[in-house]
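Student: Give me coordinates for this.
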Amino acid sequence: MNTVQEIFDTLCELAPLALQTSYDNAGFLIGRAQTPVHTALLSLDVTNDVIEEAKTLGAELIISHHPVIWDEMKRVTDETVETERVLRLIESRIAVISMHTNLDIAEGGVNDVLISLLGLENLGPFEAESCGRMGMLSKPVSLEQFLSHCKDKLQTNGLRYYDAGRPVHKIAVLGGSGGGNLIDAYRSGCDTYLTADIKYGVFLLARELGVNLIDGDHFCTENPVVNTLSAKLQTAFPETKFIISSRHTQTARFF
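Tutor: As a prediction, the model looks like this:
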């Protein structure tokens, strides 16, 4: 039977930890390396619902995108929601591996999957950290058409956007919180930028720059990579069952 360590080693081949940014805490975060894994649960986040789902499934391992432990966590008690969650995982003997910014940046990772999902020709990185990607449609479309396409492919219940009054052809994407990279998308000659968690000032900047701006939701722009990871791991470890969380879904709703 495959172990936590063997699965972790393969994940590191797909998204080397050396790629992660300085503030990140990706890696093998909780558990024993030699624990046999019959069932692994994949989820963007490790929430209480996901932990309960893992327990119900009898999963020995959770593979997440967002880390459940950060450097500022100094103790593991039931004092806070975050530390109690870690305590619950330890008590339940559920290991956790988190592949975060290394998976954002890696080839075949979050942003390459996002480009592919939208049916764009992948033109490579558009900013210095090589995290986001640029893509090209085969022909320009209206923003309304592209918004409908994004909503369908991302399976989101709504989109926030700014319409610069120009067609969509060359697009920059950055899954998750990428509002700070709008200027990089503009300087790369992109007419449209898709990311998430966009602040008010970034919408103002998009208007001044004349760039179409789309907030596709943090969960919805990153979660597609979970399906890709699951498929790759299932091929590599046929004896282990890899299950995608059914409880962790888009949190934000539009009235």
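Student: if I look at L137, how far off is D217?
Tutor: Here the criterion is CB to CB, to the nearest Å. By it, L137 lies 21 Å from D217. Where you see a C-beta, it was placed from the backbone N, CA and C, and this is true even at glycine.
Student: G180 now?
Tutor: Applying CB to CB to G180 and D217 gives a distance of 17 Å.
Student: Please identify which of these two sits among more neighbours.
Tutor: More neighbours surround D217 than the other of G180 and D217, with 23 against 14 (other CB atoms under 10 Å).
Student: so is F203 in a helix, a strand, or just coil?
Tutor: Assigned by DSSP: H, G, I helix; E, B strand; the rest coil, the conformation of F203 is helix.
Student: wait, isn't it in contact with Y162?
Tutor: Yes: F203 lies in contact with Y162 (CB atoms under 8 Å); the separation is 5.2 Å.
Student: For these two, list the residues in contact with both.
Tutor: The contact sets of F203 and Y162 overlap at L213 (CB atoms under 8 Å, 6 or more residues apart in numbering).
Student: Which one's more surrounded, those two?
Tutor: Y162 (21 against 16).
Student: In contact with that one: list those residues for me.
Tutor: Going by CB under 8 Å, 6+ apart, Y162 touches 203, 206-207, 211-213.
Student: do A54 as well
Tutor: 41, 62, 92, 94.
Student: where does the last one land on pLDDT?
Tutor: Per-residue confidence for I94 comes out at a pLDDT of 98.
Student: Now it. Nearest residue, chain neighbours left out?
Tutor: Spatial nearest neighbour of I94, chain neighbours left out: A54 (5.4 Å); criterion: CB to CB, 6 or more residues apart in numbering.
Student: ok, for I90, nearest residue in space, not its chain neighbours?
Tutor: Per CB to CB, 6+ apart, closest to I90 is I30, 6.4 Å.
Student: State the number of residues packed around the residue nearest to E60 when sequence neighbours are not counted.
Tutor: Nearest residue to E60, sequence neighbours excluded (CB to CB, 6+ apart): V37, at 4.9 Å. Using other CB under 10 Å, V37 is surrounded by 23 other residues.
Student: Do I have it right that V37 meets G58?
Tutor: No: counting by CB under 8 Å, V37 stays clear of G58, with 10.8 Å between them.
Student: check contacts around the spatially most central residue of the chain.
Tutor: By CA atoms, centre = their mean, the mean C-alpha position of the chain lies nearest to E222, the distance being 2.9 Å. Counting by CB under 8 Å, 6+ apart, E222 touches 44, 65, 110, 175-176, 196.
Student: With D78 instead?
Tutor: Contacts of D78 (CB under 8 Å, 6+ apart): 84, 87.
Student: Could you look up the SS state of it?
Tutor: Quick answer, by three-state DSSP: D78 is coil.
Student: Report the separation between E144 and I214.
Tutor: 12 Å.
Student: ok, these two, which is more surrounded?
Tutor: Per other CB under 10 Å, whichever of E144 and I214 has more neighbours is I214, with 26 against 11.
Student: any idea how the chain splits into domains?
Tutor: As recorded under automatic domain parsing, the domains making up the chain are 4-103, 107-221.
Student: if we compare those domains, which one ends up closest to F237?
Tutor: domain 4-103 (6.5 Å; CB to CB).
Student: gap between the two ends of the closest one?
Tutor: End-to-end distance of domain 4-103 (CA to CA, to the nearest Å): 18 Å.
Student: Just give me the neighbour total for the closest residue to A18 other than its chain neighbours.
Tutor: Closest residue in space to A18, ignoring its immediate chain neighbours: N102 at 7.6 Å, by CB to CB, 6+ apart. The tally of other residues near N102 (other CB under 10 Å) stands at 23.
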